[in-house]
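Chemist: missing the sequence, but the structure's below:
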């Protein structure tokens, strides 16, 4: 059973969905919310956050991935002290920053369909302001392997708040730790699971392989017949990989 809990960070409400008691917290992708993780909350357990300006959380001024990471770290402290931090796409960038900026809260990482750098096609950013329907359709065409995996529900969510989707994708476009990984400035020392859909066109397999090469205690799981929204398209395979990783960690 999934329940909604509300916490407070600096006077703002931050909404969290809670599944079974488990020290893992999921961070959604651009323009999404905690409901993105319903299959994981039901099967694996843990917590999923609505980032500020998303879902049931209050609005806040967000100017960088680091700003989101602050709210996530504070949420982790309140709901379970420390956790495996799982993030998808934008959420994967946030998860990396939580691990680097607030290591006391992060005991492991699950990086899903994300990268050390997250460039966004200029046409998508431009069209989100001028022709949001066209931009969203382009994102979904690249993000799903076919039209399954709740394609329609995700499309509806994106079109409801194209301004927030644009903000999130703009933050992704400015996120870049690639050289810091390469020169050793960024060092991820916690156990890390990397998951990617074989057909992912937004954050292709090479992004995940880069993590596998530069994060020492890491393992890579490639899920077949899935694209960017792998947790929705192939929940059973996805959940199995996460469950195995958590059990290995004794969580």
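Modeler: Nice, thanks for sending it over. Everything numeric in this text was worked out from a predicted model, so none of it was measured.

Chemist: ok, now which ones touch residue 177?
Modeler: 96, 116, 117, 186 (CB atoms under 8 Å, 6 or more residues apart in numbering). Just so you know, the C-beta spots here come from the backbone N, C-alpha and C atoms, and that holds for glycine as well.

Chemist: Which per-residue confidence value corresponds to it?
Modeler: Confidence at residue 177, expressed as pLDDT, is 98.

Chemist: Just give the number of residues close to residue 53.
Modeler: Residues near residue 53, counting by other CB atoms under 10 Å, number 19.

Chemist: no, scratch that, I was asking about residue 103
Modeler: Residue 103: 14 neighbours (other CB under 10 Å).

Chemist: pLDDT weak spots in the stretch 1-150 of the chain?
Modeler: Along the stretch 1-150 of the chain, segments meeting pLDDT under 70 span 148-149.

Chemist: where exactly do the strands run in it?
Modeler: 3-9, 12-18, 24-27, 47-49, 83-88, 106-112 (DSSP state E, counting those that start in this stretch).

Chemist: Please produce a markdown table containing the ones you listed, extended by distance to residue 150 and mean neighbour count.
Modeler: Below are the strands of the stretch 1-150 of the chain laid out as a markdown table (distance: least, CB to CB, whole Å; neighbours: other CB atoms under 10 Å):
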| stretch | distance to residue 150 | mean neighbour count |
| --- | --- | --- |
| strand 3-9 | 20 | 13 |
| strand 12-18 | 16 | 20 |
| strand 24-27 | 16 | 29 |
| strand 47-49 | 15 | 26 |
| strand 83-88 | 14 | 28 |
| strand 106-112 | 16 | 26 |
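
Chemist: will you turn those into TSV that also has distance to residue 237?
Modeler: Conversion of the strands of the stretch 1-150 of the chain to TSV gives the following (distance: least, CB to CB, whole Å):
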stretch	distance to residue 237
strand 3-9	26
strand 12-18	22
strand 24-27	17
strand 47-49	19
strand 83-88	15
strand 106-112	12
